[in-house]
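Participant: here are the coordinates; sequence isn't available:
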């Protein structure tokens with residue numbers, strides 16, 4: 001570079017980072033170029049994933065340990081979703097980082113779903129084991145596991161304590177495949193399934209504390225999923241979990257939440273599968289309430305398990321180098337939209353799930369409004385472990401977002417089952433059903449999805465645009481699943497040696513999608529310095545704000561409420 005070029009003004013164009021890998025690579029420092037380096041396990045963090053079954057976000061309120069030990073010590077994602085809200089497809093997405101239409105597990109049972117449908121030779125534990133991790137699984141895996149080959153251990157797991165179907169759904173009197181040996185548990189208090197899983201997790205952490213390999217521990221509790229045995233207070237005609245004997249009836253005074261969607265009075269705007277449902281009778285509501293209370297009670301043993309796992313990590317000196325992810329495979333209905341129980345449907349109680357992450361570099365008591373999904377879990381864990389995924393990820397690492405509240409990807413999320421596909425944005429959900437029916441909800445004005453606007457002429461433009469974006473998502477793969485608005489950040493400044501800044505910096509947001517931008521917030525070092533609500537969207541950053549190096553964020557809000565961040569780091573010359 002000539003001296004004239006070093007001292008003259010230059011326009012630097014920063015393209016909109018892809019909503020996924022590019023942002024993660026820019027902010028996380030993940031090693032992706034050297035496969036040899038990725039195989040060195042030294043200094044890699046431990047990763048613990050704690051997964052519940054059928055848990056709603058609302059139920060976190062009874063899990064004091066999860067709140068104090070995980071949420072208060074980490075980041076909670078307030079808009080986390082299961083892309084296919086059913087056990088086996090959702091867990092397959094967690095293991096692959098892909099939407100169901102790419103990993104092709106489209107249900108809980110053969111021929112299109114279940115354990116045997118997934119290619120187990122190319123999953124997250126396989127990638128981690130190859131990178132030198134001690135990989136351990138405890139509890140539920142995929143639906144149908146063990147029905148035929150009871151002692152099979154899926155590839156990638158160094159240690160295996162998997163529950164055998166159908167006994168997976170028994171809180172007592174169940175069977176585990178413990179490293180190729182079938183072990184039956186009985187009906188004593190000590191055999192309560194969640195407690196057994198917790199004791200095994202604690203034992204594994206203690207035993208492997210001196211192992212030089214980093215640990216990947218997957219603990220998959222059954223609660224609050226329904227399961228045997230039937231208890232004396234179980235309501236008729238409604239499957240419930242079986243809480244630990246010490247917790248039975250502990251929460252019998254808890255009221256059943258009744259949001260505006262509960263036992264929805266007018267469902268004339270809904271598809272036929274909802275319109276044909278009768279209003280819930282008082283007897284049915286009483287049963288739902290009892291089931292709801294038992295579901296909360298079943299989670300208390302899981303909450304105690306979380307405390308034991310965290311305490312053991314701390315006692316062994318591993319907690320500071322461990323990422324802990326707490327989540328669920330899908331949500332659950334408790335009478336919303338006249339649905340007494342279940343999941344799978346496109347509505348918020350079914351698709352919204354808890355997600356909390358704590359670990360190295362994660363701020364405490366953080367909350368993130370960004371749209372995230374279970375497609376992001378494998379990418380996040382791969383990023384933490386500094387490994388290359390064996391599959392093309394449809395999701396993105398969430399570590400950069402957890403560490404930086406100003407990062408927004410601008411992407412849409414896909415919700416899919418064989419009977420519908422839907423696009424989820426910050427303020428809209430648009431659904432196309434296989435039978436031709438449609439739904440459209442304005443979540444800003446109608447968060448409980450009471451009135452579908454799909455036939456409202458005033459929403460025609462929105463419906464057409466979302467339909468076009470849904471068509472792209474329905475068959476997306478990799479980068480096309482993370483596609484963001486086409487924006488770029490242009491920076492003009494006087495450049496010194498080694499790229500430092502010798503003048504103030506003029507920033508401008510442009511690109512093909514700039515016509516959709518409603519406003520841009522410009523931040524320096526996390527502090528808002530300018531809000532521009534009229535194009536052209538520009539800001540002038542004084543050189544003094546860049547001393548020592550500082551990140552600038554141009555956070556563009558589009559007219560449909562999507563937000564997309566254009567990050568750039570500048571360093572003032574000395």
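Facilitator: Perfect, thanks for sending it. Just so it is clear, the model here is predicted, and its values are computed rather than measured.

Participant: all helices in the stretch 51-200 of the chain, in order from the N-terminus.
Facilitator: Here the stretch 51-200 of the chain has its helices, by DSSP state H, counting those that start in this stretch, at 64-65, 87-96, 100-103, 124-130, 193-207.

Participant: And for the fourth one, what's in contact with it?
Facilitator: This points to helix 124-130. With Cβ atoms under 8 Å, 6 or more residues apart in numbering as the test, helix 124-130 has contacts from 39, 47, 94-97, 120, 135, 137, 154-158, 216, 218, 378, 381-382, 385, 387-390. For every residue, glycine as well, the C-beta is placed using N, CA and C.

Participant: contacting residues for residue 166?
Facilitator: residue 147.

Participant: Please report the distance of it from residue 429.
Facilitator: 34 Å (Cβ to Cβ, to the nearest Å).

Participant: Could you do residue 535 as well?
Facilitator: According to Cβ to Cβ, residue 535 stands 29 Å off from residue 429.

Participant: quick one, which of the helices of the stretch 51-200 of the chain is packed in tightest?
Facilitator: helix 87-96 (a mean of 27; mean count of other Cβ atoms under 10 Å).

Participant: Who are the packing partners of it?
Facilitator: strand 46-52, helix 100-103, helix 124-130, helix 377-385 (3 or more Cβ pairs under 8 Å, 6 or more residues apart in numbering; DSSP states H and E).

Participant: and of those, who's closest to residue 189?
Facilitator: For the helices and strands packed on helix 87-96, proximity to residue 189 was assessed by Cβ to Cβ; strand 46-52 is nearest, at 21.2 Å.

Participant: Tell me the first helix or strand C-terminal of the lengthiest helix in the chain.
Facilitator: Looking across the chain with DSSP state H, the single longest helix is helix 282-315. The first helix or strand that comes after helix 282-315 along the chain, using DSSP states H and E, is strand 322-328.

Participant: Report the angle between that following strand and helix 377-385.
Facilitator: Using axes from the mean of the first three to the mean of the last three Cα atoms, to 10 degrees, the inter-axis angle of strand 322-328 relative to helix 377-385 is 170 degrees.

Participant: Strand 322-328 to strand 46-52, inter-axis angle?
Facilitator: Using the same axes, to 10 degrees: strand 322-328 against strand 46-52 is 10 degrees.

Participant: before we move on, back to that, what subset of the contacts of helix 124-130 is buried?
Facilitator: 47, 94-97, 120, 135, 137, 154, 156-158, 216, 218, 378, 381-382, 385, 387-390 (16 or more other Cβ atoms under 10 Å).

Participant: Which parts of the stretch 401-550 of the chain are helices?
Facilitator: In the stretch 401-550 of the chain, the helices defined using DSSP H, counting those that start in this stretch lie at 460-474.

Participant: how about the strands in it?
Facilitator: 413-417, 420-424, 428-433, 438-442, 488-494, 505-510, 517-524, 527-532, 537-541, 550-558 (DSSP state E, counting those that start in this stretch).

Participant: Residue 242 is nearest to which of the ones you listed?
Facilitator: strand 413-417 (28.5 Å).

Participant: Isn't residue 176 up against residue 161?
Facilitator: Yes - Residue 176 lies in contact with residue 161 (Cβ atoms under 8 Å); the separation is 5.5 Å.

Participant: Neighbour count for residue 535 and residue 429, which is higher?
Facilitator: Taking neighbours as other Cβ atoms under 10 Å, residue 535 and residue 429 compare with residue 429 leading, 22 against 15.

Participant: Check whether the more buried one really touches residue 448, as I assumed.
Facilitator: No - counting by Cβ under 8 Å, residue 429 does not reach residue 448; the two are 11.9 Å apart.

Participant: Okay, now the unreliable bits of this protein?
Facilitator: Residue ranges of the chain with pLDDT under 70: 1-42.

Participant: For the residue nearest to residue 193 when sequence neighbours are not counted, give me its contacts.
Facilitator: Beyond its immediate neighbours in the sequence, the residue positioned closest to residue 193 (Cβ to Cβ, 6 or more residues apart in numbering) is residue 171, lying 4.9 Å away. Applying Cβ under 8 Å, 6+ apart, we find residue 171 in contact with 192, 193, 194, 222, 227, 228, 229, 241, 242, 298.

Participant: now with 7 Å?
Facilitator: 192, 193, 222, 227, 228, 241, 242 (Cβ atoms under 7 Å, 6 or more residues apart in numbering).

Participant: Give me the neighbour count for the third one.
Facilitator: With neighbours defined by other Cβ under 10 Å, the count for residue 222 comes to 25.

Participant: Next, format the helices and strands packed on helix 87-96 as JSON lines and append distance to residue 329.
Facilitator: Shown next, in JSON lines, are the helices and strands packed on helix 87-96 (distance: least, Cβ to Cβ, whole Å):
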{"stretch": "strand 46-52", "distance to residue 329": "6"}
{"stretch": "helix 100-103", "distance to residue 329": "13"}
{"stretch": "helix 124-130", "distance to residue 329": "15"}
{"stretch": "helix 377-385", "distance to residue 329": "11"}
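
Participant: closest to residue 416 out of those?
Facilitator: Of all the helices and strands packed on helix 87-96, helix 100-103 comes closest under Cβ to Cβ, at 5.9 Å.

Participant: contacts for stretch 561-574?
Facilitator: Here stretch 561-574 makes contact (Cβ under 7 Å, 6+ apart) with 14, 16, 26, 406-410, 425-427, 484-485, 487, 489, 491, 496, 500-502, 505, 509, 543, 546-547, 549-557.

Participant: swap the cut-off to 6 Å and go again
Facilitator: In this structure, residues lying in contact with stretch 561-574 by Cβ atoms under 6 Å, 6 or more residues apart in numbering are 14, 406-408, 410, 426-427, 484-485, 487, 489, 496, 500-502, 505, 543, 546-547, 549, 551-557.

Participant: quick one: it to chain centroid distance?
Facilitator: Stretch 561-574 sits 26 Å away from the centroid of its parent chain (Cα atoms, centre = their mean, to the nearest Å).
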